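In: sharing a model that was predicted from the sequence below.
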Amino acid sequence: MVSAISIEDLHVSYFGNEAVKGISLSVEPGNLVGIIGPNGAGKSTFLKAMLNLIPRDKGEVKIYGNTIKQVRKKIAYVPQRNAIDWDFPITVLEAVLIGTYPNLGLFKRPRKKEKEWALKCLEKVGMEEYSTRQIGELSGGQQQRVFLARALAQKAELFFLDEPFVGVDVASEETIVNILKEIRNEGKTVVVVHHDLSKANNYFDELILLNKELISYGKVDEVFKPEVMAKAYKGQFAFMNEIGVTV
């Protein structure tokens with residue numbers, strides 16, 4: 001089986017300082033994977049470098065054995081909420097319709113079929129009644145659900161989400177997690193930058209633990225061990241009671 005994601009010796013730096021150092025790993029299809037690590041560990045940088053959204057110093061990333069450019073239509077990306085202009089004059093439905101563009105022909109615009117599909121995606125995330133609202137009028141959780149609907153509208157095979165649970169309400173977080181698990185159950189691959197370690201056990205199949213370099217990658221119960229987590233957090237804070245360790 002060809003890996004969904006294959007990364008070889010990935011390096012990224014900012015102004016001469018290495019943010020990501022020599023990461024190599026492979027993710028098999030049909031997994032829900034969390035990227036975790038302390039603040040400043042390079043989690044979002046790693047995600048963006050995988051997707052060619054920022055320059056790499058060196059390293060190779062393959063998606064199902066192909067370059068990002070060759071399979072970009074199969075990839076959906078949900079950025080951090082603070083990276084989006086919420087004042088942009090666009091409705092919820094229009095925002096989701098953008099997800100249909102990669103599968104349209106050149107210069108074609110969404111028609112009835114695409115609008116019906118976008119509304120189905122909004123219904124899936126519980127946001128169909130807000131379709132005519134301007135996106136800036138929504139709460140943080142509602143905004144995140146809309147951008148997940150946009151990703152669903154793309155009919156992608158791989159989903160990358162950067163801190164999707166920051167600033168969202170409990171109900172929205174639960175909705176998003178359930179949908180991500182449904183996507184995983186369909187055999188698709190989901191990669192999520194995540195900061196709330198107390199929920200990592202319940203949310204993910206596998207964890208990528210970073211602190212600029214790869215500390216550990218594997219099943220949650222293999223990575224989520226005191227002796228492994230301590231290598232990444234290095235005494236930065238009193239660790240969670242759930243895994244019974246102070247680092």
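Out: Sure thing, it's come through.
In: what residues does the longest helix along the chain touch?
Out: Assignment by DSSP state H gives helix 170-185 as the longest helix of the chain. For helix 170-185, the external contacting residues (Cβ atoms under 8 Å, 6 or more residues apart in numbering) are 30-32, 124-126, 139-142, 144-145, 148, 152, 159, 161, 164-165, 168, 190, 192, 203, 205. For every residue, glycine as well, the C-beta is placed using N, CA and C.
In: spatially nearest residue to V228, not counting backbone neighbours?
Out: Nearest non-adjacent residue to V228, counting by Cβ to Cβ, 6 or more residues apart in numbering: S216, 5.0 Å away.
In: run through who's touching the host helix or strand of that neighbour.
Out: S216 belongs to strand 213-219 when assigned by DSSP states H and E. For strand 213-219, contacts defined as Cβ under 8 Å, 6+ apart pick out 20-25, 37, 205-209, 222-223, 228, 231-232.
In: redo that, cut-off 7 Å
Out: 21-23, 25, 205-206, 208-209, 223, 228, 231-232 (Cβ atoms under 7 Å, 6 or more residues apart in numbering).
In: and those residues, which are buried?
Out: Neighbour counting by 16 or more other Cβ atoms under 10 Å classes 21, 23, 25, 206, 208-209, 223, 228, 232 among these as buried.
In: contact partners for L93?
Out: 118, 131-132.
In: count the residues that sit near G16.
Out: Using other Cβ atoms under 10 Å, G16 has 5 other residues around it.
In: ramachandran angles for it?
Out: phi 90, psi -10 (degrees, to the nearest 10).
In: for it, give me the pLDDT.
Out: At G16, the model reports a pLDDT of 83.
In: what's the answer for G235, then?
Out: On pLDDT, G235 comes in at 65.
In: one more: Y64?
Out: 94.
In: go on, I243?
Out: 49.
In: can you map out the strands along this protein?
Out: Along the chain, counting by DSSP state E, strands occupy 5-14, 17-27, 32-36, 58-63, 75-78, 158-162, 189-193, 206-211, 213-219.
In: sweet, I'm off.
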